[in-house]
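Student: sequence and predicted structure are below.
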Amino acid sequence: MSQDIQALLWAYGYIGVCVVAGEGALRLGLSRELARKVIHVSVGFWIFGALWLFESRTLAVVPSLTAVVANWLIHRKRLLKSVETEPDNLGTVWFPVAFSALVWLAWDRPAVAAGGVMAMTVGDALASLVGRRFGRHRYETLGGEHKSLEGSLAMCAGTFVAVLATLTWMPGVAPDMPKVPLAALCAVVATCVEALGTKGRDNLWVPLAAGAVLALVPPEHAWGLGVGSVVALVIGVASWARGSLSPSGVLGAILVGTPVFGLAGAVGTAALLGFFISSSALSKTFRARKAGVEAEYAKTGTRDLGQALANGGVAALAAVLLGTTGDQRYGLAMLGALVAANADTWATELGVLSRSPPRLVTTLRTVPPGTSGAVSGAGMLAATAGAAFVGLVAAIAGARWSLVPWLVVAGVVGSLVDSFLGATVQDVRWCDACSRETERRVHRCGRPARPLRGFSWLGNDTVNVVATAAGALLAFWA
Ligand SMILES: [Zn+2]
């Protein structure tokens, strides 16, 4: 007990010194941002004091809970210049909340608590400092903030080093746990959470997400997921640079790529790369030739988060189920989802080049190219070829060759499901000015398009999820 009281005195003394240092730095002419970071980083390092100096878990969280209350009061009353930010940014409150939660929940696994807090302390500080100084390639987050690629990559690198150092020096993860890939996965996950950019709440979710990775990833999947996340990050950023993915699409690539690369082995990796590379190449190659028609589709050459998840989400979920249950049928379902996504993408990219006019899949009447739910001979051929391509790539990587015909069927059926939904229940709109059907809410001429048929909530992304799920179900029973 007396040790805990001494530890409490140390805690308040240390935090007091940190705040005085920050205020002093501000008065000596340091920028407000830098002064804030001085406090943020130095207080974050208290995690080692909280874990080492206290005997009681309950008393160990008292200083950080005090900080929650104090920072909230400071925020409301605007008491300290150096810790102050915009009025609606509660980051200084959320950080000690996460700190307290990690100390409490991971008391017996110090590396988990310390790794989570260090991801925030070092990673986030680097992200904003590097972002402010060197940020050139800017993007808008889903939370509506402006961040930079340079800042996010600095966060990723800084988190990797900070977490790796923590894991090396502190007990609390399994002794046989490979530390390098675990730190890498932690870094990519923390960077993604930070890149969501939701007004200070990343101060809560970054440490909790990093801690969850350290606590929950089983040793046998650490290498796969760690390497998979880095490969997905590199591919995602490269595709952003090439114009195939929007910034939010990079997040989608990581969310899909990490489980598929990490849990589904060579077959999953080959199939996803086959889908991603071939469909990006096709949309780039034919972009100019079909510019007029493609503009009517909701999907364009640059894919965002919704489109990445719509095409790859079912495959990613199947890969997670494969990794957690070990049931090989989920591996088949993952392939079914990927062949369906590829069949539909090839059909969309190549089908619009058809010379003869397409027909609606339900009534078979002739419709203009680009109509939702239209099929053509060229499109069907492209769907078959797209499914066969991913099936063959998977077989070369080690899947059963006898599976390929099944996968072709699953892919073509998935693509037909997409067309059928497009012709019946999908939200399709009409532009009065141009007298054209479109999947877009705002037509490319800039005018809002009015509802023509289907359910307004059933957009192209939802249709893609259903189509890939159909392919997954068919392959699951193969
Ligand atoms: Zn129009």
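Tutor: Looks like it came in fine. Numbers count the residues shown, from 1 in each chain.

Student: show me what the helix or strand where Leu350 lies is packed against.
Tutor: Under the criterion of DSSP states H and E, Leu350 resides in helix 328-351. Using 3 or more C-beta pairs under 8 Å, 6 or more residues apart in numbering; DSSP states H and E, the elements in contact with helix 328-351 are helix 265-285, helix 305-325, strand 374-375, helix 377-396, helix 403-424, helix 460-476. In this view, the C-beta of every residue, glycine as well, is placed from N, C-alpha and C.

Student: which residues touch the fourth one?
Tutor: By C-beta atoms under 8 Å, 6 or more residues apart in numbering, the list of residues contacting helix 377-396 from outside reads 267, 270-271, 273-275, 278, 335, 338-340, 342-356, 358, 401, 403-404, 407-408, 410-412, 415-416.

Student: relative to the ion, which of the helices and strands packed on helix 328-351 is closest?
Tutor: Relative to the ion, the nearest member of the helices and strands packed on helix 328-351 by C-beta to the ion is helix 460-476, separated by 17.8 Å.

Student: show me what the closest one is packed up against.
Tutor: Secondary elements touching helix 460-476 (3+ C-beta pairs under 8 Å, 6+ apart): helix 305-325, helix 328-351, helix 403-424.

Student: save these as CSV, and put in distance to the ion too.
Tutor: CSV is the format used below for the helices and strands packed on helix 460-476 (distance: least, C-beta to the ion, whole Å):
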stretch, distance to the ion
helix 305-325, 22
helix 328-351, 21
helix 403-424, 20
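
Student: dump those helices to a markdown table, plus mean neighbour count.
Tutor: Listed next are these as a markdown table, based on neighbours: other C-beta atoms under 10 Å:
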| stretch | mean neighbour count |
| --- | --- |
| helix 305-325 | 23 |
| helix 328-351 | 29 |
| helix 403-424 | 24 |
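
Student: adding mean pLDDT and distance to Arg444, write the helices and strands packed on helix 328-351 out as TSV.
Tutor: What follows is the helices and strands packed on helix 328-351, written out as TSV (pLDDT from 0 to 100; distance: least, C-beta to C-beta, whole Å):
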stretch	mean pLDDT	distance to Arg444
helix 265-285	91	17
helix 305-325	94	17
strand 374-375	89	18
helix 377-396	95	22
helix 403-424	95	19
helix 460-476	94	15
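
Student: I'd like the mean pLDDT over stretch 62-75, please.
Tutor: Taken as a whole, stretch 62-75 has a mean pLDDT of 88.

Student: got the buried residues for that stretch?
Tutor: For stretch 62-75, burial by neighbour count (16 or more other C-beta atoms under 10 Å) applies to Val62, Pro63, Ser64, Thr66, Ala67, Val68, Ala70, Asn71, Ile74, His75.

Student: reformat the helices and strands packed on helix 460-476 as JSON lines; add distance to Arg138.
Tutor: Conversion of the helices and strands packed on helix 460-476 to JSON lines gives the following (distance: least, C-beta to C-beta, whole Å):
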{"stretch": "helix 305-325", "distance to Arg138": "17"}
{"stretch": "helix 328-351", "distance to Arg138": "29"}
{"stretch": "helix 403-424", "distance to Arg138": "35"}
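
Student: so which of those helices comes closest to Phe134?
Tutor: Minimum separation from Phe134 across the helices and strands packed on helix 460-476 (C-beta to C-beta) falls at helix 305-325, 25.4 Å.

Student: outside of the closest one, which residues touch it?
Tutor: For helix 305-325, using C-beta under 8 Å, 6+ apart, the contacting residues are 142, 221, 245-246, 248-249, 251-253, 255-257, 259-260, 262-264, 268, 272, 275, 299, 303, 327-328, 330-331, 333-334, 337-338, 341, 345, 460-462, 464-465, 468-469, 472.

Student: next: stretch 168-176.
Tutor: The contact list for stretch 168-176 (C-beta under 8 Å, 6+ apart) reads 51, 106, 108-115, 167, 179, 182, 214, 219.

Student: can you do 10 Å?
Tutor: With C-beta atoms under 10 Å, 6 or more residues apart in numbering as the test, stretch 168-176 has contacts from 47-48, 51-52, 106-115, 118, 166-167, 179-180, 182-183, 214-215, 217-220, 222.

Student: what sits against the nearest residue to Arg447 once chain neighbours are set aside?
Tutor: When the adjacent residues along the chain are set aside, Arg447 lies closest to Ala433, with 5.2 Å between them (C-beta to C-beta, 6 or more residues apart in numbering). By C-beta under 10 Å, 6+ apart, Ala433 lies in contact with His443, Cys445, Gly446, Arg447, Ala449.

Student: report the angle between the helix holding Leu350 and helix 460-476.
Tutor: Angle of helix 328-351 versus helix 460-476, following axes from the mean of the first three to the mean of the last three C-alpha atoms, to 10 degrees, is 130 degrees.

Student: quick check: longest helix of the chain.
Tutor: helix 2-27 (DSSP state H).

Student: in that one, what's buried?
Tutor: Asp4, Ala7, Leu8, Ala11, Tyr14, Ile15, Cys18, Val19, Gly22, Glu23, Ala25, Leu26.

Student: packing partners for that helix?
Tutor: helix 32-44, helix 46-53, helix 57-60, helix 62-77 (3 or more C-beta pairs under 10 Å, 6 or more residues apart in numbering; DSSP states H and E).

Student: try 7 Å
Tutor: helix 32-44, helix 46-53, helix 62-77 (3 or more C-beta pairs under 7 Å, 6 or more residues apart in numbering; DSSP states H and E).

Student: how does the chain divide into domains?
Tutor: 2-217, 247-476 (automatic domain parsing).

Student: helix, strand, or coil at Ala190?
Tutor: helix (DSSP: H, G, I helix; E, B strand; the rest coil).

Student: and for Lys199?
Tutor: Here Lys199 is coil, with the state taken from three-state DSSP.

Student: next one, pLDDT for it please.
Tutor: The confidence metric pLDDT takes the value 72 at Lys199.

Student: same question for Leu28.
Tutor: Here, the pLDDT recorded for Leu28 equals 87.

Student: now name the helix or strand holding Gly228.
Tutor: Assigned by DSSP H and E, Gly228 belongs to helix 219-242.

Student: flag every buried residue along that helix.
Tutor: By neighbour count on 16+ other C-beta under 10 Å, the buried set for helix 219-242 is 221-233, 235-237, 239-240.

Student: who's in contact with it?
Tutor: With C-beta atoms under 7 Å, 6 or more residues apart in numbering as the test, helix 219-242 has contacts from 174, 176-178, 181-182, 184-185, 188, 217, 245, 247, 250, 253-254, 257-258, 261-263, 280, 323.

Student: select only the buried ones of those residues in ChimeraX?
Tutor: Applying 16+ other C-beta under 10 Å to those, the buried members can be selected in ChimeraX as follows:
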select :177,178,181,182,184,185,188,217,245,247,250,253,254,257,258,261,262,263,280,323
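
Student: the contacts of helix 219-242 in strands, which ones?
Tutor: Using DSSP state E, no member of the contacts of helix 219-242 falls in strands.

Student: just the buried residues of the contacts of stretch 168-176.
Tutor: Here, 16+ other C-beta under 10 Å leaves 47-48, 51, 106-107, 109-115, 118, 166-167, 179, 182-183, 214-215, 217, 222 buried among the contacts of stretch 168-176.
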